[in-house]
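Student: Below is the structure, and that's it, no one-letter string:
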């Protein structure tokens, strides 16, 4: 049985799963779907066409699925899709997609969004990510699995952040951060590999190969894409391949100090 406060407002048409908890003064739109076991605490609002998976915990005064903060938005049919087992803390703001970005904001599973985090329109976030307090993602940002964003850090629109990457707190990121790397500063630049995160998840051999690839790519002073292609031609390590492919495919560029 779901536990729904009589002081919550749930519009006709909303789909509510089993064992869902909805606190007092919450608002749930008619187009929403709330998965089994999800808990929505008092004062939170779920707007628009929003699908929330199983066993999520949405804390008080979160605003989920409200209209995109995009001047071009004109009420199109757009949506927000959230996976399972996410923790979404107080005063967070998640926007759906826009017509120009494919119409969907998509968030994976097992993520932690701390207080005051903003997820802009058309953002795509993988699984097991952490966004600390007041991290703000502009439109069309993409984050890979296990990425971490420090507190008070804004991310420019269209930026890509690779898997296992970390952006330090109080940074400002305007370019892409490759997988396994760490960036810091205003404007943020690469500071090396995210070794703390890598040691939690990767084997020592993989980390050693990534260290060697990082030196070749970002510290040898040679053309980035040339080195990336060379490494791809001789490595069989899938993590190094991921790093090199990211370097080849980046559209906003990678913020690192070029050596002459």
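Tutor: Received it, and whenever you're ready, just let me know what you need. All of these numbers come straight from a predicted model, not from anything done at the bench.
Student: Which residues are in contact with residue 131?
Tutor: For residue 131, the contacting residues are 111-114, 117, 137, 148-149, by C-beta atoms under 8 Å, 6 or more residues apart in numbering. Bear in mind the C-beta positions are built from the backbone N, C-alpha and C, glycine included.
Student: Now the buried members of the residues you listed.
Tutor: 111, 113-114, 117, 137, 148-149 (16 or more other C-beta atoms under 10 Å).
Student: Give me the subset of those residues that lies in strands.
Tutor: 113, 137, 148-149 (DSSP state E).
Student: closest to residue 210 among these?
Tutor: Lowest distance from residue 210 to these (C-beta to C-beta) belongs to residue 148, with 16.8 Å.
Student: can you pull up the bridge partners for residue 172?
Tutor: When bridges are taken as DSSP bridges, the partners of residue 172 come out as residue 186.
Student: about what we covered before: arrange the contacts of residue 131 in JSON lines, one row each, with distance to residue 88 and pLDDT as further columns.
Tutor: Shown next, in JSON lines, are those (distance: C-beta to C-beta, whole Å; pLDDT from 0 to 100):
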{"residue": "111", "distance to residue 88": "8", "pLDDT": "99"}
{"residue": "112", "distance to residue 88": "8", "pLDDT": "99"}
{"residue": "113", "distance to residue 88": "5", "pLDDT": "99"}
{"residue": "114", "distance to residue 88": "9", "pLDDT": "99"}
{"residue": "117", "distance to residue 88": "8", "pLDDT": "99"}
{"residue": "137", "distance to residue 88": "14", "pLDDT": "98"}
{"residue": "148", "distance to residue 88": "16", "pLDDT": "98"}
{"residue": "149", "distance to residue 88": "15", "pLDDT": "98"}
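Student: and of these, the nearest to residue 64?
Tutor: Nearest member of those to residue 64, counting by C-beta to C-beta, is residue 113, at 10.3 Å.
Student: Show the contacting residues for residue 13.
Tutor: Residue 13 neighbours (C-beta under 8 Å, 6+ apart): 30-31.
Student: From residue 2, how far off is it?
Tutor: 16 Å (C-beta to C-beta, to the nearest Å).
Student: Which residue ranges make up each domain of the protein?
Tutor: Listed by automatic domain parsing, the domain ranges of the chain are 3-140, 198-249.
Student: which of these is buried the deepest?
Tutor: Stretch with highest mean neighbour count among the domains of the chain: domain 3-140 (a mean of 19; mean count of other C-beta atoms under 10 Å).
Student: just how off-centre is it within its chain?
Tutor: 13 Å (C-alpha atoms, centre = their mean, to the nearest Å).
Student: okay, the domains of the chain in a markdown table with distance to residue 177 next?
Tutor: Shown next, in a markdown table, are the domains of the chain (distance: least, C-beta to C-beta, whole Å):
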| stretch | distance to residue 177 |
| --- | --- |
| domain 3-140 | 13 |
| domain 198-249 | 9 |
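Student: from what I can see residue 148 touches residue 130, true?
Tutor: Yes. Contact criterion C-beta atoms under 8 Å: residue 148 and residue 130 qualify, at 4.7 Å.
Student: and the spatially most central residue of the chain, what does it touch?
Tutor: Centroid-nearest residue in the chain, with C-alpha atoms, centre = their mean: residue 125, separated by 3.4 Å. Counting by C-beta under 8 Å, 6+ apart, residue 125 makes contact with 106-108, 111, 119, 142-143.
Student: Same question for residue 183.
Tutor: By C-beta under 8 Å, 6+ apart, residue 183 lies in contact with 165-168, 171, 173, 177, 189-191, 255.
Student: Great, nothing more from me.
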